[in-house]
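Chemist: Mind looking at a prediction? Sequence and model below.
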Amino acid sequence: MEKLAVKIQKLFSRGLPGSRVVLNTPEKDRRLSGFVVWSGFRRVEQISRQRRVYKLLRENLTDAERSRVSHLFTLTPNEWASYTEDRHQEEEAILHTAATIRRERAKRRRFLAGLKAAG
(Lines give C-alpha, C1' and ligand atoms only; values in the text may rest on other atoms or scores of the structure.)
Protein backbone atom coordinates (compact mmCIF):
# COMPACT_ATOMS: atom_id res chain seq x y z
CA MET A 1 0.00 0.00 0.00
CA GLU A 2 2.94 2.33 0.66
CA LYS A 3 4.04 2.06 -2.97
CA LEU A 4 0.57 3.14 -4.10
CA ALA A 5 0.58 6.08 -1.68
CA VAL A 6 3.95 7.23 -3.03
CA LYS A 7 2.71 6.83 -6.60
CA ILE A 8 -0.37 8.93 -5.82
CA GLN A 9 1.78 11.61 -4.15
CA LYS A 10 3.99 11.83 -7.24
CA LEU A 11 1.01 11.77 -9.56
CA PHE A 12 -0.56 14.79 -7.91
CA SER A 13 2.70 16.69 -7.61
CA ARG A 14 2.94 16.44 -11.42
CA GLY A 15 -0.75 16.77 -12.27
CA LEU A 16 -1.62 19.48 -9.74
CA PRO A 17 1.65 21.40 -9.19
CA GLY A 18 1.94 22.77 -5.68
CA SER A 19 -0.74 20.46 -4.31
CA ARG A 20 -0.51 18.74 -0.96
CA VAL A 21 -1.77 15.18 -0.64
CA VAL A 22 -2.54 13.83 2.82
CA LEU A 23 -3.30 10.11 2.79
CA ASN A 24 -4.27 7.84 5.63
CA THR A 25 -2.19 4.83 6.49
CA PRO A 26 -4.73 2.05 6.18
CA GLU A 27 -4.59 -1.18 8.06
CA LYS A 28 -4.22 -4.41 6.15
CA ASP A 29 -6.81 -4.85 3.40
CA ARG A 30 -8.11 -1.29 3.81
CA ARG A 31 -8.42 1.23 1.03
CA LEU A 32 -6.55 4.54 0.85
CA SER A 33 -8.40 7.77 1.50
CA GLY A 34 -7.37 11.29 2.27
CA PHE A 35 -7.22 14.87 1.09
CA VAL A 36 -5.93 16.72 -1.95
CA VAL A 37 -5.23 20.36 -1.05
CA TRP A 38 -4.57 22.68 -3.96
CA SER A 39 -4.90 26.41 -4.54
CA GLY A 40 -6.18 25.65 -8.05
CA PHE A 41 -9.44 24.46 -6.47
CA ARG A 42 -10.36 28.03 -5.51
CA ARG A 43 -13.70 29.06 -7.01
CA VAL A 44 -14.16 25.56 -8.48
CA GLU A 45 -17.26 23.55 -7.61
CA GLN A 46 -16.72 20.35 -5.65
CA ILE A 47 -17.95 18.12 -8.50
CA SER A 48 -15.43 19.69 -10.90
CA ARG A 49 -12.65 19.19 -8.35
CA GLN A 50 -13.57 15.53 -7.96
CA ARG A 51 -13.72 15.01 -11.70
CA ARG A 52 -10.24 16.46 -12.09
CA VAL A 53 -8.81 14.29 -9.30
CA TYR A 54 -10.42 11.08 -10.54
CA LYS A 55 -9.43 11.84 -14.12
CA LEU A 56 -5.79 11.91 -12.97
CA LEU A 57 -6.30 8.63 -11.14
CA ARG A 58 -8.05 7.03 -14.12
CA GLU A 59 -5.32 8.11 -16.54
CA ASN A 60 -2.38 7.10 -14.33
CA LEU A 61 -3.38 4.13 -12.18
CA THR A 62 -4.31 0.62 -13.13
CA ASP A 63 -7.82 -0.67 -12.40
CA ALA A 64 -6.39 -2.69 -9.50
CA GLU A 65 -4.65 0.37 -8.04
CA ARG A 66 -7.77 2.51 -8.40
CA SER A 67 -9.81 -0.14 -6.61
CA ARG A 68 -7.55 0.41 -3.58
CA VAL A 69 -8.49 4.12 -3.37
CA SER A 70 -11.61 4.81 -1.37
CA HIS A 71 -12.11 8.57 -1.46
CA LEU A 72 -10.11 11.75 -1.74
CA PHE A 73 -11.56 14.98 -0.41
CA THR A 74 -10.62 18.09 -2.38
CA LEU A 75 -9.92 21.30 -0.48
CA THR A 76 -8.36 24.70 -1.04
CA PRO A 77 -5.57 25.73 1.35
CA ASN A 78 -8.04 27.96 3.25
CA GLU A 79 -10.55 25.11 3.53
CA TRP A 80 -7.76 22.83 4.76
CA ALA A 81 -6.68 25.38 7.37
CA SER A 82 -10.26 25.69 8.59
CA TYR A 83 -10.68 21.91 8.67
CA THR A 84 -7.50 21.33 10.63
CA GLU A 85 -8.29 24.19 13.05
CA ASP A 86 -11.78 22.76 13.67
CA ARG A 87 -10.25 19.35 14.22
CA HIS A 88 -7.65 20.77 16.58
CA GLN A 89 -10.38 22.49 18.62
CA GLU A 90 -12.41 19.29 18.67
CA GLU A 91 -9.40 17.28 19.87
CA GLU A 92 -8.70 19.90 22.56
CA ALA A 93 -12.31 19.66 23.76
CA ILE A 94 -12.10 15.86 23.88
CA LEU A 95 -8.82 16.01 25.84
CA HIS A 96 -10.31 18.57 28.24
CA THR A 97 -13.39 16.41 28.78
CA ALA A 98 -11.26 13.31 29.36
CA ALA A 99 -9.11 15.18 31.90
CA THR A 100 -12.23 16.40 33.70
CA ILE A 101 -13.61 12.86 33.86
CA ARG A 102 -10.29 11.56 35.25
CA ARG A 103 -10.28 14.29 37.94
CA GLU A 104 -13.88 13.53 38.92
CA ARG A 105 -13.16 9.80 39.13
CA ALA A 106 -10.12 10.47 41.30
CA LYS A 107 -12.23 12.65 43.63
CA ARG A 108 -14.85 9.93 43.83
CA ARG A 109 -12.22 7.28 44.67
CA ARG A 110 -10.75 9.50 47.40
CA PHE A 111 -14.21 10.17 48.79
CA LEU A 112 -15.10 6.46 48.82
CA ALA A 113 -11.72 5.58 50.35
CA GLY A 114 -12.37 8.17 53.08
CA LEU A 115 -15.80 6.67 53.79
CA LYS A 116 -14.33 3.19 53.95
CA ALA A 117 -11.57 4.31 56.31
CA ALA A 118 -14.06 6.14 58.56
CA GLY A 119 -16.60 3.34 58.65
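Modeler: Here it is on my side, so go on.
Chemist: Ends of stretch 20-30, what's the gap?
Modeler: 22 Å (Cα to Cα, to the nearest Å).
Chemist: secondary structure element for the residue nearest in space to the middle of the chain?
Modeler: Compute the mean C-alpha point of the chain, and by Cα atoms, centre = their mean the closest residue is Gly34, 5.8 Å away. Taking DSSP states H and E as the definition, Gly34 sits inside strand 32-37.
Chemist: That strand - contacts with which helices or strands?
Modeler: helix 2-15, strand 20-23, strand 69-75, helix 77-118 (3 or more Cβ pairs under 8 Å, 6 or more residues apart in numbering; DSSP states H and E). Every residue, glycine included, has its C-beta placed from N, CA and C.
Chemist: re earlier: can you name the residues that contact the residue nearest to the centre of the chain?
Modeler: 21-24, 72-73 (Cβ atoms under 8 Å, 6 or more residues apart in numbering).
Chemist: Which of these are buried? Put it as a ChimeraX command.
Modeler: Here is the ChimeraX command that selects only those of the contacts of Gly34 that count as buried (16 or more other Cβ atoms under 10 Å):
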select :21,23,72,73
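Chemist: Looking at the contacts of Gly34, which is nearest Ala81?
Modeler: In terms of Cβ to Cβ, no member of the contacts of Gly34 lies closer to Ala81 than Val22, at 12.8 Å.
Chemist: What distance do you get for that closest one to Leu72?
Modeler: In this structure, Val22 lies at 10 Å from Leu72, with Cβ to Cβ, to the nearest Å as the measure.
Chemist: cool, and Arg43?
Modeler: Relative to Leu72, Arg43 is positioned 20 Å away (criterion: Cβ to Cβ).
Chemist: Much appreciated, bye for now.
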